[in-house]
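In: quick one: sequence and predicted model below, then my questions.
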Amino acid sequence: MRKFKKIVLFSLLFVLSNFLFSQTSLKAKKLLDDTSTQMSSYKNYQFNFKYALENTQENIKQETSGSIVVSAKKYKLITSDITQLFDGKDLYTIIPENEEVLISKPDQEDTAILNPTELIDIYKSGYDFHWDILQIVRGNKIQFVKLIPTEESQDVSYILLGINTKSKNIYKLIEVGKQRTTTTLTLENFVINKSISTDFFIFNDVDYPGFYIN
């Protein structure tokens, strides 16, 4: 009888733990869905960002900062070294120091990182998501959701998305790689639906006299 009771108790604990895990995942999914809906509703938005890449094993640490304006699939990104302009079709990378403009098709992963509207949708395919830690940043509640690849990934162990629970905007992305590389993207000074000109995302070579355009 005692053995039977132990088996029943173990079974109940197993069911309860799975129920709580399911509830946590559902809560994470709701926050992700709400954030995706909220950020997709903006006509446009802009923010300052800080990007850091660190690999302690290789003693690598790189940091950069800048600003970005996003409207639907288009964006304009500015750092101290380059300006990137994506008109929805072509990506223009402007390098003033070299007086050069490179024209290419955007890398899908890079576009996702720069465009939070696309970034927030990555959870819809290929990831399990789980409720993680809550942080208070300058009085704002930042809830992290952990995304774990459902298929074996050569590079990514997991991703942490930090979401402002009040505004439903992304505050931080942390990607932890299997090769001990951690990349962190922090979004600050979020401004939505600002008036911008119709040609804001259009590249005009007249603005870059003497530049080599390729």
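Out: Thanks, I have it. As the structure is a computational prediction, the values presented were derived from the model and not from experiment. Residues are numbered from 1 along each chain as shown.
In: and the next element down the chain from the host helix or strand of residue 173?
Out: Under the criterion of DSSP states H and E, residue 173 resides in strand 170-177. Sequence order places strand 181-192 as the next helix or strand after strand 170-177, per DSSP H and E.
In: strands along the chain, start to end?
Out: Secondary structure of the chain by DSSP state E: the strands cover 45-55, 60-71, 74-79, 83-86, 91-95, 100-104, 127-137, 140-149, 156-164, 170-177, 181-192, 212-213.
In: list the neighbouring strands of the shortest one plus their orientation.
Out: Take DSSP bridges as the rule and strand 212-213 pairs in its sheet with strand 100-104 (parallel).
In: got it, and the fifth one?
Out: In the sheet, strand 91-95 lines up against strand 83-86 (antiparallel), strand 100-104 (antiparallel) (DSSP bridges).
In: run the chain-centre distance for the shortest one.
Out: Average the C-alpha atoms of strand 83-86, do the same for its chain, and the two points are 18 Å apart (Cα atoms, centre = their mean, to the nearest Å).
In: coming back round to it: of all the strands paired with strand 91-95, which lies closest to residue 153?
Out: strand 100-104 (25.1 Å; Cβ to Cβ). Just so you know, the C-beta spots here come from the backbone N, C-alpha and C atoms, and that holds for glycine as well.
In: residue 135 pairs with what?
Out: Residues in beta-bridge contact with residue 135 (DSSP bridges): residue 142.
In: list the residues that contact it.
Out: By Cβ atoms under 8 Å, 6 or more residues apart in numbering, the contact set of residue 135 is 141, 142, 144, 162.
In: the residue nearest to the last one when sequence neighbours are not counted bridge partners, please.
Out: Counting by Cβ to Cβ, 6 or more residues apart in numbering, the nearest residue to residue 162 once its immediate chain neighbours are dropped is residue 172, at 3.7 Å. Assessed by DSSP bridges, residue 172 has beta-bridge partners residue 162, residue 186.
In: so how many other residues sit close to residue 172?
Out: Residue 172 has 19 neighbouring residues, counting by other Cβ atoms under 10 Å.
In: from what I can see it touches residue 140, true?
Out: No - using Cβ atoms under 8 Å, residue 172 makes no contact with residue 140, being 11.2 Å away.
In: what about residue 167, how many residues nearby?
Out: For residue 167, the count of nearby residues is 14 (other Cβ under 10 Å).
In: chain center to stretch 82-100: distance?
Out: 21 Å.
In: C-alpha coordinates for that stretch, CSV please?
Out: What follows is stretch 82-100 as a C-alpha-only set of coordinates in CSV (Å, rounded to 0.1, in the frame of the first residue of the first chain):
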residue,chain,number,x,y,z
ILE,A,82,28.0,53.5,-41.7
THR,A,83,24.5,54.3,-42.8
GLN,A,84,22.2,51.5,-44.0
LEU,A,85,19.1,52.2,-46.0
PHE,A,86,16.6,49.4,-46.9
ASP,A,87,13.9,50.5,-49.3
GLY,A,88,12.0,47.2,-49.0
LYS,A,89,13.9,45.6,-51.9
ASP,A,90,17.6,46.6,-51.8
LEU,A,91,20.0,47.3,-49.0
TYR,A,92,22.3,50.3,-49.4
THR,A,93,25.3,50.4,-47.1
ILE,A,94,26.9,53.8,-47.1
ILE,A,95,30.5,54.1,-45.9
PRO,A,96,31.6,57.7,-45.7
GLU,A,97,35.2,56.9,-44.7
ASN,A,98,35.7,55.0,-48.0
GLU,A,99,33.4,57.1,-50.0
GLU,A,100,31.6,53.9,-51.0
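In: perfect, I'm done here.
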